[in-house]
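K.L.:
build the 3D model from these lines:
(2 chains)
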Amino acid sequence: MALVLTEEQSMLRDSARGLISDKAPVAHLRGLRDAKDADGFSRELWKTFAEMGFAGLLVPEQFGGSGLGCVEAGIVMEEIGRTLMPSPFFATSVLAASALSRGGSEAQKKQHLPKIADGSLLVALAIDEGAKHRPLQTKLVATRSGNGFKLSGEKAFVVDGHTADLLIVAARSAGSAGEKDGITLFLVDPKAKGLAVERTAMVDSHNAARIVFDNVEVNADSVLGEVDQGFGLLEGVLNIGRGTVASEMVGLSEEVFGRTVTYLKERKQFGKAIGEFQALQHRAAQLYIDIEITRAAVLKALQALDADVGKAGTAVAVAKARAGTTATLAVQEGVQMHGGMGMTDQFDIGFFMKRARVCQELLGDSNYHADQLARGKGY
Amino acid sequence: MADLETFRSETRAWLEQNCPPEMRKPMSSDGDTFWGGRNTKFSSEAQRVWFERMRDKGWTVPHWPKEYGGGGLDGEEAKIVRQEMAAIGARQPLTSFGISMLGPALLKYGTEEQKKEHLPKITAGLIRWCQGYSEPNAGSDLASLQTRAVGDGDDYIINGQKIWTSYANYADWIFCLVRTDPAAKKHDGISFILFDMTSKGVTTKPILLISGYSPFCETFFDNVRVPKSHVVGTVNRGWDVAKYLLQHERAMISGMGERGVGRPLGQIAADSIGADAQGKLDDAQLRSQIASFEVDEAALAAAAERAVDLAKAGQSHPAFSSAMKYYGTELNKRRYEILMSAGGIDALEWESERSKSGARPRAWLRTKANSIEGGTSEVMLGIVAKRILDLPGA
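P.N.:
Below is the predicted model:
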């Protein structure tokens, strides 16, 4: 398959870009932050997203979705990255839709997927527990209890955790931290007894939550996929998430870069545009090259995911690792080249720096993924 | 699509049947490369068989038109041939500057007569070419070159000196930049001309590098007589041809970073350094350097693939090969820094048979030229800044 967008994919990009740049420029995020908005995103805009078919982009057609693939999800995420639009798209339409359509029973799919597609159900995936993304280290314990299970433990950095109508929780039902066997995914009602959600305001003004589980009871029907054998499903879903977050970071990097190059042409010091200085020209050129190469790696990963999620691990590790280092470089050069203005809250560039840091941690940073690559190659 | 799948399975079967097993092993030295030319010798019978079969199939240059000795394949088909060759580790049957540099320029700027004269001899491996671009005072500032071509009836008389002329001592013909109008602005008085290296007045002298013997030469022209009909493109517009050719050269050089050396770097390092109880390389810092390198290497490979696809889709920027050249060469230098670190003191031996006469340290030193030859990294960044980013005054 050619490593370029098809005509249909380009049209999808154009319509996503049109909607997002029009309805949710960076000022949209700034407004939600300044107002300390209770949701942290616009429900009205989410409705529009659903009407345009974006909310159900990965939901199979028989459940009311568009049945599109990871390349398409990545296209939408890239446009989200350009304006930093806070949206349930990632948690609900990418992670949850993938988890349910790939691992759900017929009943679970029928119950939840149409509601994801029509925008009426918000879902969050609860994975991380420690300071770093280490899904194998899952410790939140699921103990058998009667016909079901009891969940106890803590989750952190649950994207959209405070607005979710449904949680997908990774728990350890057997074995010990570090083992693949013994991880089970559960569908959990956030209003269940013993469950406490704390919204955590993050540096990037996007949504996340800490969730404490104190003997939360779930029945056997709540298991998503197979008991003790949830890691394969989880890793596939996480890889889809990683590929699309990498795409968000490409959009973010390119936007920061575009704004920075414009500034280099406008800002005058010593009687000339600062973009005339070779020291800055070469750094700008290096960043451009970095972004272009990362873009190719990310598209490669998204195509690999669409071809076979199970075989896309290496390509995804490359994409997420690259996207992390590229975005980190892009926002640092962006602030530096904007000089003092880049440090002011009034300028948007800082929002990109904050979001890039969060995206770097989200589902594993560059170090994590480079390490995964090394392990995969046996060294 | 069905046709392409048929083409793929036929290609696979043909390669399987025709590529000798010895030609599927990674090359171990420069001698394994077949360059063609008047005085060429095959280093093995397998090399000869493989070259001749591919030549007869038209696949020494699969994507050139058949009338010039190519395979007449379109972009998709040529990609399939490359992929299927890579899948069995098949070596290039013929490597030549005629294929990677002169050919594309002739196809674009040459007269029909010039194409018919030169291209079939390139695909058949009969003539080996070298490139006369750099001069002692024209390196990064190539357009300031001073080699003069003065008209004399139907001929030019050429005087001057070139440097870094790769394999000039083995080449049969040279494609050369000469100044045909010294009064014009520096980019406007240059012509692109072809001539035989056995012409009277041509001498070459190899250059000893920090890596030892090298393909590079100094090349001297002392009243060399060349027919005016050997100019490619318009007289005094040779810079256009030169730039076009450089894009192809840069695309070729950028490919060096992704050229596999057989075993993965991490395993090469583990062979000499060892692994800890968990199987991790017993040098945590080096392990993370290798992992980062491999991330970037895989990303570059994707970018190279995308560059080809973008070109096919008519969406590529003509200066993008400068971006790839910059990244590919810097990456290749990183590869060899890692290989030297992985080899430790074993990689320091310079003459022993055990070290194949210091193959690794010599290769390491040689890579330092990658970011200089064909346009320095700094020149590449300048081109990206000016032509792609449109930065002022660049």
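
K.L.:
so where does the spatially most central residue of chain A fall, helix or strand?
P.N.:
By CA atoms, centre = their mean, the mean C-alpha position of chain A lies nearest to A:Val245, the distance being 4.3 Å. Under the criterion of DSSP states H and E, A:Val245 resides in helix A:231-266.

K.L.:
now B:Cys130
P.N.:
Applying DSSP H and E, one finds B:Cys130 within strand B:129-132.

K.L.:
so what secondary structure elements neighbour the helix or strand just after that strand?
P.N.:
Downstream of strand B:129-132, the first helix or strand assigned by DSSP H and E is strand B:148-152. In terms of contacts (3 or more CB pairs under 8 Å, 6 or more residues apart in numbering or on different chains; DSSP states H and E), strand B:148-152 is packed against strand B:155-163, strand B:173-179. (Glycine included, C-beta is placed from N, CA and C.)

K.L.:
tell me which of the ones you listed sits nearest to B:Leu15.
P.N.:
Relative to B:Leu15, the nearest member of those by CB to CB is strand B:173-179, separated by 30.9 Å.

K.L.:
got the angle for the closest one vs strand B:155-163?
P.N.:
Taking axes from the mean of the first three to the mean of the last three CA atoms, to 10 degrees, one finds strand B:173-179 and strand B:155-163 inclined to each other by 100 degrees.

K.L.:
in stretch A:206-216, what counts as buried?
P.N.:
Buried residues in stretch A:206-216, defined by neighbour count with 16 or more other CB atoms under 10 Å in any protein chain shown: A:206-213, A:216.

K.L.:
nearest to chain B among those?
P.N.:
Comparing those against chain B with CB to the nearest CB picks out A:His206 as the nearest, at 26.0 Å.

K.L.:
list the contacts for that closest one?
P.N.:
Counting by CB atoms under 8 Å, 6 or more residues apart in numbering or on different chains, A:His206 touches A:40, A:86, A:159, A:355, A:358.

K.L.:
helices - which of the residues you listed land there?
P.N.:
Under the assignment DSSP state H, the contacts of A:His206 contribute A:355, A:358 to helices.

K.L.:
could I get the contacts of A:His206 as CSV with distance to chain B, neighbour count and pLDDT?
P.N.:
Output for these, formatted as CSV (distance: CB to the nearest CB, whole Å; neighbours: other CB atoms under 10 Å in any protein chain shown; pLDDT from 0 to 100):
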residue, distance to chain B, neighbour count, pLDDT
A:Gly40, 33, 22, 97
A:Pro86, 29, 25, 98
A:Val159, 25, 25, 98
A:Arg355, 22, 27, 98
A:Val358, 21, 17, 98
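
K.L.:
how about the contacts of A:His206 in a markdown table, adding distance to A:Glu292?
P.N.:
Formatted as a markdown table, the contacts of A:His206 follow (distance: CB to CB, whole Å):
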| residue | distance to A:Glu292 |
| --- | --- |
| A:Gly40 | 33 |
| A:Pro86 | 28 |
| A:Val159 | 28 |
| A:Arg355 | 21 |
| A:Val358 | 24 |
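
K.L.:
tell me if I am right that A:Glu217 is in a helix.
P.N.:
No. Assigned with DSSP: H, G, I helix; E, B strand; the rest coil, A:Glu217 falls outside any helix and is strand.

K.L.:
strand partners (parallel or antiparallel) of the next helix or strand after the helix holding A:Val245?
P.N.:
Downstream of helix A:231-266, the first helix or strand assigned by DSSP H and E is strand A:268-269. With DSSP bridges as the test, strand A:268-269 is paired with strand A:272-273 (antiparallel).

K.L.:
show me the contacts for A:Ser105.
P.N.:
By CB under 8 Å, 6+ apart, the contact set of A:Ser105 is empty.

K.L.:
can you tell me how far it sits from chain B?
P.N.:
36 Å (CB to the nearest CB, to the nearest Å).
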